[in-house]
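Visitor: just need the structure, nothing else, for what follows:
(one chain, ligands or ions: 1)
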Amino acid sequence: MRVQVCIIGGGPSGLLLSQLLHLQGIDTVVLEKYSRDHVLGRIRAGVLERGFAELMREAQCGERMDREGEIHNGFHIAHDGVLHHVDLHKYSHGNSVTVYGQTELTRDLYEARDRLGGKLVHNAADVSLHDLASDAPHVTYRDGGREVRIDCDYVVGADGFHGVSRKSIPKDVLREYEKVYPFGWLGVLSRTKPVSPELIYVKHDRGFALCSMRSQVLSRYYIQVPLTDKPDDWSDEAFWSELRRRMPLEVAARLITGPSIEKSIAPLRSFVAEPMSYGRLFLAGDAAHIVPPTGARGLNTAASDVYYLYHAMVARYRTGDGSGLNAYSQKALARVWKAQRFSWWMTMLLHRFPDRIEYEDRLQQTEMSYLFSSETALRLLAENYVGLPF
Ligand SMILES: Cc1cc2nc3c(=O)[nH]c(=O)nc-3n(C[C@H](O)[C@H](O)[C@H](O)COP(=O)(O)OP(=O)(O)OC[C@H]3O[C@@H](n4cnc5c(N)ncnc54)[C@H](O)[C@@H]3O)c2cc1C
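Guide: Numbering: from 1, shown residues only. Here you go, the predicted model:
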């Protein structure tokens, strides 16, 4: 098979890019390691920046998001049992975020690819990238006992943190920056009405908690747990009871609990790989960078990569101008690092660090009280939370 762009990974980054390129007449194929059901079974992000929502509309995939997604003009931070409101609308020139689950968004992208007859290969085993430094790269994968070869102009590695694309860049070219946090988030999804119409981030002596949602009938709650904990260590009752203890009393009093329909622990990690391109290979999304979920930047940063890559590829195919592709890594990384900084800052502000000295605890408290005593500090928070411009 020959295509113009071979995309590795059928997550949000890969699907969105292939849909946008297809609409511009650029031929793509998406190779996904797992089945569609497996990809759609993952419960992940839920907060979309305006830039991401606009990209979904441009990809003709925004209809259900606009109908069912919820616009949030603010969120709360609970500290010392008191709820503080962060008015995103007021402090970010009228901006807001959309709450719409990654699972639903991925489903919309799959349906859009199907409608246009997009080429999508599921269960593509042993994907391997070849001749990336040449003008004629190719990709191979195994389909049962048969090896399939795809010749292309460009390869896009959108295959997440554990994918094969980043590992195809020679070790002496790639530089990796990483910070692993000494705790994880235990997440529970339940078919219950959310405790609050807006998200509540909780800083508490027992550890961080987050009250989030996917819709008005589907709640997503998280608590900070030690990395050694396993989901099976936590019965539903134990989870709800710990969550209540961390919430302000007025919030705990109105919490509606129910059986968990999904329970998992996500470790928290910050990671960036540089450069984000090598020869004819371009990395996008989690393949190149990971953030702790505290600032809801992961999926949104993947979207800005897709935006830059999409425009650079369209320029290359329309006018032969390859300067956007040459500048892609530098441009994407400039925004990636800002999202890293914000996610790190939110994580440091809100979590309990087991090995912190008292001096650092006092600084953390001071940072929090400063935040709610300064409009400038609130503006900085709001501007980053709604997403910096692409
Ligand atoms: C448990 C968890 C919770 C999260 N929660 C949040 C959150 O609350 N807010 C937020 O903003 N972000 C969150 N994120 C991050 C967000 O989900 C990611 O940033 C987003 O999924 C990135 O999309 P992607 O398409 O780049 O990568 P992925 O979604 O990882 O997609 C990559 C795809 O590539 C496929 N693949 C992997 N290896 C290969 C291979 N060798 N060959 C072919 N295909 C391959 C994978 O199966 C996958 O479908 C969370 C992530 C995790 C893991």
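Visitor: who's in contact with whatever residue of the stretch 151-300 of the chain ends up closest to the ligand?
Guide: Across the stretch 151-300 of the chain, the shortest distance to the ligand (C-beta to the nearest ligand atom) belongs to Gly285, at 2.1 Å. C-betas here are computed from N, CA, C, even on glycine. With contacts defined as C-beta atoms under 8 Å, 6 or more residues apart in numbering, Gly285 is in contact with 9, 11-14, 158, 160, 301-302, 305-306.
Visitor: among the residues you listed, which are in reach of the ligand?
Guide: 9, 11-14, 158, 160, 302 (C-beta under 6 Å from any ligand atom).
Visitor: among those residues, which ones are in helices?
Guide: Per DSSP state H, helices hold the following members of the ones next to the ligand among the contacts of Gly285: 12-14, 302.
Visitor: I'd like those laid out as CSV, including pLDDT, neighbour count and distance to Ser323.
Guide: What follows is those, written out as CSV (pLDDT from 0 to 100; neighbours: other C-beta atoms under 10 Å; distance: C-beta to C-beta, whole Å):
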residue, pLDDT, neighbour count, distance to Ser323
Pro12, 97, 26, 27
Ser13, 98, 29, 23
Gly14, 98, 29, 24
Ala302, 98, 27, 23
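Visitor: chain neighbours aside, what residue packs nearest to Ala252?
Guide: Closest residue to Ala252 apart from its sequence neighbours, by C-beta to C-beta, 6 or more residues apart in numbering: Arg244 at 4.3 Å.
Visitor: show me what from the stretch 151-300 of the chain comes close to the ligand.
Guide: 158-160, 162-164, 266, 285-286, 293, 296-300.
Visitor: what pLDDT does the residue nearest to Asp153 when sequence neighbours are not counted get?
Guide: Of all residues not flanking Asp153 in the chain, Gln4 sits nearest, at 5.1 Å (C-beta to C-beta, 6+ apart). Per-residue pLDDT puts Gln4 at 98.
Visitor: Gln4: neighbour count?
Guide: Close neighbours of Gln4, defined as other C-beta atoms under 10 Å, add up to 16.
Visitor: and for Gly160?
Guide: Quick note: Gly160 (other C-beta under 10 Å) scores 19 neighbours.
Visitor: and it, its phi and psi?
Guide: Phi and psi for Gly160, reported as degrees, to the nearest 10, are phi 70, psi -180.
Visitor: got a list of what the nearest residue to it once chain neighbours are set aside touches?
Guide: Distance criterion C-beta to C-beta, 6+ apart; nearest residue to Gly160, sequence neighbours excluded, is Asp286 at 4.4 Å. Asp286 makes contact with 11, 13, 160-161, 298, 302 under the criterion C-beta under 8 Å, 6+ apart.
Visitor: mind running it again at 7 Å?
Guide: 160-161, 298, 302 (C-beta atoms under 7 Å, 6 or more residues apart in numbering).
Visitor: can you tell me the helix or strand for Val202?
Guide: Assigned by DSSP states H and E, Val202 belongs to strand 200-203.
Visitor: tell me what that strand is packed against?
Guide: strand 74-79, strand 209-215 (3 or more C-beta pairs under 7 Å, 6 or more residues apart in numbering; DSSP states H and E).
Visitor: which of those strands has the highest mean neighbour count?
Guide: Most buried of these, by mean neighbour count (mean count of other C-beta atoms under 10 Å): strand 209-215, with a mean of 23.
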